[in-house]
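Visitor: from the sequence below, what's the structure:
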Amino acid sequence: MWVLYLLECQRGSRNVYYTGITTDVLRRLNEHKSGVGARFTRANYPIQILATLDYPNRSSASRAEAEVKKLPRHKKLLYFNQTS
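Guide: Coordinates of the predicted model:
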């Protein structure tokens, strides 16, 4: 089982989103928080997991991740709410 996740991250005085895929969301969040995760989350500290969606395989999760990353910020959380 693969999971698409949306993190809220802190960038200065405003918050931004980060989207990724994993098989273990809590482990991945801890990696992001400890600086082992993506370059983006090393520069923009992860605050919380906003949403997740389950996928049966890595391929479908990767396609969904690419779709979300193309969306403007205000539509990213909506994607998770509409798809679930």
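
Visitor: all contacts plus neighbour counts: C-alpha atoms, from now on.
Guide: OK.

Visitor: what's the closest non-adjacent residue to Ser62?
Guide: Ile21 (7.0 Å; Cα to Cα, 6 or more residues apart in numbering).

Visitor: what strand or helix carries the one you found?
Guide: Following DSSP states H and E, the helix or strand that holds Ile21 is strand 14-22.

Visitor: that strand - contacts with which helices or strands?
Guide: Applying 3 or more Cα pairs under 8 Å, 6 or more residues apart in numbering; DSSP states H and E, we find strand 14-22 packed against strand 2-11, helix 58-70.

Visitor: kindly reformat the ones you listed as TSV containing mean neighbour count, distance to Arg39 and mean pLDDT.
Guide: As requested, these are exported to TSV (neighbours: other Cα atoms under 10 Å; distance: least, Cα to Cα, whole Å; pLDDT from 0 to 100):
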stretch	mean neighbour count	distance to Arg39	mean pLDDT
strand 2-11	20	12	96
helix 58-70	15	16	98
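
Visitor: minimum distance to Ala38: which of the ones you listed has it?
Guide: strand 2-11 (11.9 Å; Cα to Cα).
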